[in-house]
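**Q** next one to model:
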Amino acid sequence: MAKNRNTLHLALPDEAVTFFTRHCKGRTFDSLMFHKAPWGAGQQTARMMTACEHARIPYMNFHGCRHTYASRLVMKGVPLTVVAGQLGHRSIEMVEKHYGHLTPNYVASTIPDALTPIGLLNTRRTKRK
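**A** Residues are numbered from 1 along each chain as shown. The predicted structure is shown next:
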């Protein structure tokens, strides 16, 4: 569910589908996926630290996970409208603002497109005497 309380449908890679399929095996459609009470604001940090320690990775919070997910999608050339949908945004404005610089060839295409030739390269050769 998105923060605006609308349902959010996410596309998942095969690995995630397999994980959730195994985790939900034998459950009804309306049963909770994780049975413990929802995390309160003060509980998130400690649980994420523990999870990162067990995974032997540097600490990352949920916002960092979300940012990494969006960054990787954009760098792989996923259309910004698709990324916006995955993040729960109604338009691509926020995605462009925060991740547009990560699009493939952004700098390589932006600079030449912004400049016009100034005639440094002369295509005609003058004859030397």
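
**Q** so which other helices or strands are in contact with the longest helix seen in the chain?
**A** Taking DSSP state H as the criterion, the chain has its longest helix at helix 62-75. Judged by 3 or more C-beta pairs under 8 Å, 6 or more residues apart in numbering; DSSP states H and E, helix 62-75 is in contact with helix 80-87, helix 93-99. For the C-beta atoms, the positions are set from N, CA and C on the backbone; glycine is no exception.

**Q** repeat the analysis, applying 10 Å as the threshold.
**A** When contacts are defined as 3 or more C-beta pairs under 10 Å, 6 or more residues apart in numbering; DSSP states H and E, helix 62-75 packs onto helix 44-55, helix 80-87, helix 93-99.

**Q** list the contacts of it.
**A** Contacts of helix 62-75 with the rest of the structure, by C-beta atoms under 10 Å, 6 or more residues apart in numbering, involve 10, 39, 44-45, 48, 58, 60-61, 78-80, 82-84, 86-89, 94-96, 98-104, 106.

**Q** how far does the worst-scoring helix or strand of the chain on mean pLDDT sit from the chain's center?
**A** The weakest-scoring helix or strand in the chain, judged by mean pLDDT, DSSP states H and E, is helix 106-114 (a mean of 72). On the basis of C-alpha atoms, centre = their mean, to the nearest Å, helix 106-114 sits 23 Å off its chain's mean C-alpha point.
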